[in-house]
Each structure stands twice: as C-alpha cells, then as structure tokens.
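**Student:** Generate coordinates for the sequence data below:
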Amino acid sequence: MTESANTSAHSAVKVTALDMANAIRVLSMDAVEAAKSGHPGMPMGMADVATALYTKFLKYDASRPDWADRDRFILSAGHGSMLLYSLLHLTGYKAATADQLRNFRQLGSLTEGHPEYGHMPGVETTTGPLGQGLANAVGFAMAERHMAARFGNDLVDHRTWVIAGDGCLMEGISQEALALAGRYKLHKLTVLWDDNNITIDGQVSLSDATDQLMRFKASGWAVKAIDGHDERQINAALRWALKQDKPTLIACGTKIGRGAATMEGSHKTHGAALGAEEIAATRRNLGWTLPPFEVPEATMKAWRRAGKRGAKTRKGWEATLKANPQAADFTRAMKGDLTADAFAKLDAAIAELVTRPVAQATRQSSGAALDQLFEANPDMIGGSADLTGSNNTYVKGTAIFDAPDYAGRYVNWGIREHGMAAAMNGMALHGGVIPYGGTFMAFSDYSRPSIRLAALMGIRVIHVLTHDSIGLGEDGPTHQPVEHLAALRAIPNLNVFRPADTIEAMECWKLALQLRRTPSAMALSRQKTDAVRLTASEENLSARGAYELKPATGTAKVSLFATGTEVPIALKAAATLEAEGVPTRVVSVPCFELFALQPKAYRDKTLAKGTVRVAVEAAVRQGWEALIGEDGGFVGMTGFGASAPASDLYPHFGITAEAVVEAAKSRL
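**Tutor:** Take a look at the predicted model:
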C-alpha cells in the first residue's frame, strides 16, 4: 500500500511543482542509500523536468500501463533508474510499491539497478548501456508512425519521450540514431537531454567539446536550450516540442544532485549513495521532515491525480477502438499474434521443393522464404544496412518506409548496423511490428550490443546475416566471419539458425516468427549449395535443432554433424565411408539452441555417443564440444580466412569431404 503522511499542514498547503519534484529527489536518495549503491545524482537533477512531463504532457493512465496508444517514455540514461521508479510509484502504478523502492537493487525486486523490460509495468525497454534507449526510441517512433499509417490516427497517435544524458550522446550509436530520426522526420520524438556537464570522471570537458545542439540541428532536428530547473521554461519547451515538424532536442541545463545540501553539482553524486549525513542535511534544506519512503499526503494526492489524468482519454480511445472496423486486426498485431494464414504459402512452397529441389545460396533461400511470408504477415517490416541486394531482404513490390506517410514496409537503414539493431528492438517493443534487418555476418559485431539486449528482453527481432563464412570468397578475412557463429551462440536466449538449403531456410524463418520471446540470427551463405532435404516430412525438422538427415546402412559406427553449406560436405564424406564399409549417419544441426531444449532421450539418440563423432563447419570449433565431445573430430577454421575464390579457400583450409573422412577413420 502506498505510504504517505496524513498531516493537515501539508493537506492545507497548495502543492507546487517543486514539492512534487522534491518527492522524486527524496525517494531517489533514500532508495540508493538503502541499497548502498546506485545513482542519485541524475534523478535529483532531472526531477523538475520529469515532474512537468508526467503531470502535464505525457499521455498515460497509471491504471492501464499496457494502453496501446499511450505515450512511450524511455529512460535512456538507465543508471538513473530511481527517477523512473519514483515516477511510477508516485503516479500510482500498482506494482511500484513503497516496498519495491525499499528493495531497490535487491534480489527478486522489480526495481533493478537499471530498468528491465518485462519486470516493472511502465518500463518500456531495458536500458543501461548508454545510447541504447535513445536508439530504441527511434524505433518506437518509427513504429508509431507506421502503425498510424496502417490503422489511422484514431487508433495510433502518441509520442515518444526520452531522457538521455551526456554519456548517451557520446556513444557512437547516438549519431546513427539521431541521423535516422532526422532523415525520417520523426516529429513525435522528443529527447530531453540532461545537460549537466558531468560524467563519472568529472566535467564533460575532460573528454568532449561537441556542440550537441549544432550536431542535432545538422541532422535535421529542431533544438532548444533551457534552464532545466525553471518550471516556466520547461513547460514552454515541452509545448514547443509538440508543434514541431521534426524530431526535437531540448537541452535541459541541470545540476546533478540538485537539492543535495553540499554535493549539488558534484560528479560524486553520479554513482554512489549520498551518505546519511548528507541526506539528513538535504532533508533539512528541502523542509522534508518525514522518514524515508514517506511522502506528504497532499503531495502524494497531487501525484496520484496526475497518474489518473489520462484515464478519460484512454476510455475514449477504447470506445473508438471497439467501433473501429480494424479493431480485431489492430488488437492481434499489438498482441504479437500472427495471422491465421501466416504460413499457408510457405508450407505449400516447402512441399513443392521436395519434388523440385533447388541448388542456390542460402541467402537466396531466405529471400525465397520472405517471398512466401511477407504478404501473409503484414506486421513484418524489413530492411538492410545498405546491403539490400546482397542480403536478399527486399520483397519485390514493397513500398519504402519514408515520410510523410510512413506506410512502407522496407527501411533503408544506411550503413548503420548498430542503430538499425537498436531501432528494431524499439519497433518490436512498441508492438504491432515484427522487424527484420540484414547485414553481413562479420558486421554483426557492430550490432551485438543490441542483439544481446533483444535476447535479454526476450523480444522477436530477426537479424539476416549473410556472407556467413570463408565461402564469401574474394572480399577476404575482414569480411569472412570465423568466430561469429560461436560468439552469437554464446548469447543466452538467441536462436542462431544456419540452414543447409531452401527447405531448412523456410523452416527456420517459420520458427523465427513463431518464437515471439526469442530473437533470431539467420546465418546465410553467399555461395551456392546443393539441396539436402529430398524427402517429405510432416514435421518442421529444424524445430528440433538437430536431426538425422541420412541414416547409416546398418548399425552406425560414425556420426557426422554439420550446418549450412557444410552439410553437403558431410554427405559426400558419408558416401565415401559407406563405400569403404563404414556405416555412417549424417546429422544436420540448423540450431544449437533449439537442440539443447529437446528431451534428453531425443538428444542422446541424435548424438549417438557410442559412435565416432565428427563435425564440419567453416568456423571455429568453440561450442561444438556439447555435440561431439572433447574427443570428437572437428573440420573447420582455426584462424582467419584469406582473399580468394571460395572454391580455392575450402581446400586451402582443409574443409573437404576427404578431411572429414580422415578425421573419422583416425578415430575408429
């Protein structure tokens, strides 16, 4: 139950914006003090701006955190999480109790050190790695504009607000994000920059001299600088933002640790508790006589009124939705459900491929899957980091996403892998959109922080990663991924698919769309590869993660495991071994992660530990021990690639059927 002090003195006094902001300051410093860790300086510094936003401008209803047409608030400066938790508590979000504030940063609490999506209602995205929230917000704003174009402004008409700090703007991802927002004229996006001139080490000037206002302006933003502690200036700036036809940056000049008795403006308030003595002095200065985690009754009532301010608007919107002919489709899309016929064309294509196998690069196989999926799945929005023709991510006839109507379903992200990946996270979090985006697998290093956060949040985002091995050929080792499969497989809750042919590619795409709480990475080849699935199956075999593609003749003595373009190599090796009287089976392994989820009996049967086990993959060995054991044979890469045609590189690095045969025979 919310705690407040029932004092007639506070009830009789008119509550000011400063009183409400001071509630944020006190709750934040109390929670950090109780945890003996955290970041009180930012919440105290931005309390005045946040108070104006949540009491007068943000469209929300605290009783319905999932209202589809609410404004989205993104705390990009996630270290200042107590700002958000205080706001949620004060405005009446049911889960944000005083006990949750008391248990800030403790095991099992909903008030984690940095905000985490899916834990506390009102937290729109997981932030902490600086700049990620800002880039997520671009995706939120893009999804809002696209959904408005698709369903109309009666159902979709909301804004995205961001609080970002100096660190967010220093991170390189910020430039990718703000350039995209400016290019696409995302006028419903407003960034409130906590311009306090402080980093952990001290003054910003120690490491940066950027004119941020000019930087944003040059990228197509409207910009304004204000005193972040002046109520009149704050309100005027927020009203100004509502009227602009481009994204807006408001530089809020603040003092970190605002209100602290002796530490106001000091970088020491950034990442440590103020201490009992400083907190006591601060309470005296603020005229705050109540114990920790208690708020004057009048102040609490004013905050709760703010939390209910959007209820009437929300109820009106619900009535509008109910009467809208697109209500069912809108609700389905926002829930993340697929259409009833999502896979009808894809399943028919798979059935036909069994009778008419196709030899082609798996990036082409992925493109073929998209051809069968895109029309039947209107929530899908594709794109590429300036590699559309190479990634095979564009479906013919698709309109391009662009201002002013935003109805298109293909995004030209430019050479911005990191910004693309983070914005796709925001699009998925917004709801109504299933994003996928392409780049070369080697450049997944640029996307990795955002891929990791997608996995942490458990959201459906699909990364199309082509040119997946030395098989890309002449571009050489800078572009040839060798460690990337292992690196991506190391991320928990990320499905890494490496299909062997078109049927497997289609099965993997089907899984990527069905598994709504897991992001996916599609590892796809540049070079042509033979079809390997030549018999029909009622089951999506790739859903098993690994399955026996070719049984042995008789009792198996050797089990060969392979992924992607190396499956035909394993099949050729098996044919040689069988001809020499060695019964050999072949297991295709399109997804390590799904295989690990299978029942133990199935895994044991598939691994066949009593046989000699050899794996072949044009990548490093790391991770394969789980399938072939420490003593299993491995044919693959041990270092970087080289610049040459793929047909020369495979024998040069010993990734051949002959090498697989030798690895097996040496262990018999």
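**Student:** Tell me which helix or strand in the chain has the weakest average pLDDT.
**Tutor:** Least confident helix or strand of the chain, by mean pLDDT, DSSP states H and E, is helix 8-12 with a mean of 46.
**Student:** After that one, which helix or strand is next?
**Tutor:** Of the helices and strands lying after helix 8-12 in sequence (DSSP states H and E), the nearest is helix 17-35.
**Student:** Can you give the distance from the following helix or strand past that following helix to the centre of its chain?
**Tutor:** Once helix 17-35 ends, the next helix or strand along the chain (criterion: DSSP H and E) is helix 41-45. Centroid separation for helix 41-45 versus its chain: 27 Å, with Cα atoms, centre = their mean, to the nearest Å.
**Student:** Then stretch 462-480?
**Tutor:** Relative to the mean C-alpha coordinate of its chain, stretch 462-480 is positioned 23 Å out (Cα atoms, centre = their mean).
**Student:** Tell me the buried residues in it?
**Tutor:** 462-473, 479-480 (16 or more other Cβ atoms under 10 Å). No exception for glycine: its C-beta is placed from N, CA and C like everyone else's.
**Student:** Mind exporting the C-alpha coordinates of that stretch to CSV?
**Tutor:** Listed next in CSV are the C-alpha coordinates belonging to stretch 462-480 (Å, rounded to 0.1, in the frame of the first residue of the first chain):
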residue,chain,number,x,y,z
ILE,A,462,15.2,-11.2,-36.7
HIS,A,463,18.8,-10.5,-38.0
VAL,A,464,19.5,-11.6,-41.5
LEU,A,465,23.3,-12.2,-41.5
THR,A,466,24.6,-13.2,-45.0
HIS,A,467,28.1,-14.0,-46.3
ASP,A,468,28.4,-16.3,-43.3
SER,A,469,31.9,-17.9,-43.9
ILE,A,470,35.0,-18.0,-45.9
GLY,A,471,32.7,-19.1,-48.7
LEU,A,472,32.1,-15.4,-49.5
GLY,A,473,35.5,-15.5,-51.2
GLU,A,474,37.4,-12.7,-52.6
ASP,A,475,36.5,-9.9,-50.0
GLY,A,476,38.9,-11.7,-47.7
PRO,A,477,39.3,-12.1,-43.9
THR,A,478,37.9,-8.6,-43.0
HIS,A,479,34.6,-9.8,-44.3
GLN,A,480,34.9,-13.6,-43.6
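**Student:** Quick one: mean pLDDT for it?
**Tutor:** Within the predicted structure, the mean pLDDT of stretch 462-480 is 98.
**Student:** swap in stretch 270-285?
**Tutor:** Averaging pLDDT along stretch 270-285 yields 97.
**Student:** How about residues contacting that stretch?
**Tutor:** Residues from elsewhere that reach stretch 270-285 (Cβ atoms under 8 Å, 6 or more residues apart in numbering): 25-26, 29-30, 32-33, 35-42, 79, 198-200, 256-257, 259-263, 288-289.
**Student:** shouldn't residue 324 be in contact with residue 69?
**Tutor:** No. Between residue 324 and residue 69 there is no contact under Cβ atoms under 8 Å: 11.9 Å.
**Student:** So which of these two has more stuff around it?
**Tutor:** In terms of neighbours (other Cβ atoms under 10 Å), residue 69 is the more surrounded of residue 324 and residue 69; the figures are 23 against 16.
**Student:** distance of that one from residue 242?
**Tutor:** When distance is defined by Cβ to Cβ, to the nearest Å, residue 69 is 16 Å away from residue 242.
**Student:** Over to residue 483?
**Tutor:** In this structure, residue 483 lies at 48 Å from residue 242, with Cβ to Cβ as the measure.
**Student:** who's more crowded, those two?
**Tutor:** For the pair residue 483 and residue 242, the greater number of neighbours falls to residue 483 (15 against 12), based on other Cβ under 10 Å.
**Student:** ok, and the closest non-adjacent residue to that one?
**Tutor:** For residue 483, the nearest residue in space outside its immediate sequence neighbours is residue 620; the separation is 5.3 Å by Cβ to Cβ, 6 or more residues apart in numbering.
**Student:** Could you do residue 374 as well?
**Tutor:** In space, residue 374 comes closest to residue 395 once its chain neighbours are excluded; the distance is 4.3 Å by Cβ to Cβ, 6+ apart.
**Student:** so what's that neighbour up against?
**Tutor:** Counting by Cβ under 8 Å, 6+ apart, residue 395 touches 367, 370, 371, 374, 375, 382, 410.
**Student:** Repeat that for residue 592.
**Tutor:** Under the contact definition (Cβ under 8 Å, 6+ apart), the residues listed for residue 592 are 489, 496, 545, 546, 623, 626, 627.
**Student:** Counting only helices, which of those make the cut?
**Tutor:** Counting by DSSP state H, the part of the contacts of residue 592 found in helices is 489, 626, 627.
**Student:** After the helix or strand containing residue 74, heading C-terminal, what element do we hit next?
**Tutor:** Taking DSSP H and E as the criterion, the element that holds residue 74 is strand 72-75. Next helix or strand after strand 72-75 toward the C-terminus (DSSP H and E): helix 81-91.
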